[in-house]
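Enquirer: Any chance you could fold what I've pasted below:
(2 chains)
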Amino acid sequence: MEFILQPWSWWFSGTMIAAIMFFLLFFGQSFGFSSNLRTICAAAGLGKSAKFFDFNWKAQTWNLVFLVGAILGGFIAREFLSTDAPVLISEATIEDLSKLGFSAPESLQPAELFGLDAVLSLKGFLVLAFGGLMVGFGSRYAGGCTSGHAISGLSDLQIPSLIAVMGFFIGGLVMTYLILPLIF
Amino acid sequence: MKFIKFLLLGIFFGIVMTKSEAVSWFRIQEMFRFQAFHMYGIIGTAVTLGVTGVALIKKFNIRDYHGNPIVFNPKDKSVARYLIGGSIFGLGWALSGACPGPMVVNIGYGYWAMAIVFFFAIVGTYFYGLIKDKLPH
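Expert: Next up is the predicted model:
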């Protein structure tokens, strides 16, 4: 039980993610989470205003079920499998983030972004909203997210996925080093 | 009940993402600052095993449990859409600390604020669908 309650090692976690991808392939599907965003738009009837969402979304029901499972998994992990201990990030990161006004981790996420005070402030709300907008827009434009490109695509040695992952890092580094210091 | 296996896999995915701490904004920041091996270890292990397994599936023509061949569809050849789209995704990933999967795992964990991020990710996808014909692909 001690092993389960502690944070899991990178090699065990990475192995389990590969296992999930292979199970999905074995079940006749593929690992790509952001497709759900398009499916949700289609299920909401948005195919009437944009052709992109006019497709047989019911064939993607398995992925929506996977999404519901992921929510349940997060709940189960917190309730039964963890101690909600602070994330053990490196001292260098704690120091860098403190310069931006973030206190050292006390749990999984920073209160400065996801706490009630932050969410109810205009700036805090806009940060979350723009973060989501860019992830949703960018993942569909690039044709996939971390699961579809970085895991599934790279496993199949697809050059487009390698380009997309390079893009993930270009955007991530620009945000981390150039934009975050302007926001916080 | 043909969906139960996907529900169980999703639950396991949520647990793995939480227990690996890959759902944490702190870990994503640490990754983009190159200050720990953790996230690279996770992705690197998954991809190394993935490349090996996909190669074996192709070499031995392994079939899925329906008996159909497992096929890998090559993605469209392009640079612009992957580089620009990927960069926009990266901006959002580093800001919110979550890609789409971890967003919903966070909601399950109890971080309700992540529901705002997820809602706007749907809006962002819709916006892409509206203007996609005007974008370079």
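Enquirer: Output the below-cut-off pLDDT ranges for chain B.
Expert: Regions of chain B meeting the criterion pLDDT under 70 are absent.
Enquirer: how about 90 then?
Expert: B:1-2 (pLDDT under 90).
Enquirer: What residues sit buried inside the helix ranked longest in it?
Expert: Secondary structure of chain B per DSSP state H: the longest helix is helix B:38-59. Under the neighbour-count criterion of 16 or more other C-beta atoms under 10 Å in any protein chain shown, helix B:38-59 has B:38-39, B:41-43, B:45-47, B:49-50, B:53-54, B:57 buried. Heads up, the C-betas are built off the backbone N, CA and C, glycines and all.
Enquirer: and if you look at stretch A:77-85?
Expert: A:Ala77, A:Arg78, A:Leu81, A:Ser82.
Enquirer: Skip the chain neighbours and tell me the closest residue to the residue nearest to the spatial centre of chain A.
Expert: Centrality entry for chain A: nearest residue to the mean C-alpha point is A:Thr146, 7.4 Å, by C-alpha atoms, centre = their mean. In this structure, A:Thr146 finds its nearest non-sequential neighbour in B:Cys99, 4.5 Å apart by C-beta to C-beta, 6 or more residues apart in numbering or on different chains.
Enquirer: Let me see the contact set for the one you found.
Expert: A:Phe33, A:Ser34, A:Val135, A:Ser139, A:Cys145, A:Thr146, A:Ser147, B:Phe89, B:Trp93 (C-beta atoms under 8 Å, 6 or more residues apart in numbering or on different chains).
Enquirer: Let me know the closest of those to B:Phe120.
Expert: A:Val135 (8.3 Å; C-beta to C-beta).
Enquirer: tell me which element that closest one is part of?
Expert: Using DSSP states H and E, A:Val135 falls within helix A:122-142.
Enquirer: May I have that helix exported as PDB, CA atoms only?
Expert: What follows is helix A:122-142 as a C-alpha-only set of coordinates in PDB (Å, rounded to 0.1, in the frame of the first residue of the first chain):
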ATOM      1  CA  LEU A 122     -10.700  39.000 -13.400                       C
ATOM      2  CA  LYS A 123      -7.000  38.200 -14.100                       C
ATOM      3  CA  GLY A 124      -7.200  34.700 -12.700                       C
ATOM      4  CA  PHE A 125     -10.300  33.900 -14.700                       C
ATOM      5  CA  LEU A 126      -8.800  35.200 -17.900                       C
ATOM      6  CA  VAL A 127      -5.600  33.200 -17.300                       C
ATOM      7  CA  LEU A 128      -7.700  30.000 -17.100                       C
ATOM      8  CA  ALA A 129      -9.900  30.900 -20.000                       C
ATOM      9  CA  PHE A 130      -7.100  31.800 -22.400                       C
ATOM     10  CA  GLY A 131      -5.100  28.700 -21.300                       C
ATOM     11  CA  GLY A 132      -8.100  26.600 -22.200                       C
ATOM     12  CA  LEU A 133      -8.800  28.400 -25.400                       C
ATOM     13  CA  MET A 134      -5.200  28.000 -26.700                       C
ATOM     14  CA  VAL A 135      -5.100  24.300 -25.700                       C
ATOM     15  CA  GLY A 136      -8.400  23.600 -27.500                       C
ATOM     16  CA  PHE A 137      -7.700  25.700 -30.600                       C
ATOM     17  CA  GLY A 138      -4.000  24.500 -30.900                       C
ATOM     18  CA  SER A 139      -4.700  20.800 -30.300                       C
ATOM     19  CA  ARG A 140      -7.300  20.600 -33.100                       C
ATOM     20  CA  TYR A 141      -5.200  22.800 -35.400                       C
ATOM     21  CA  ALA A 142      -2.300  20.500 -34.900                       C
END
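Enquirer: All good on my end, thank you.
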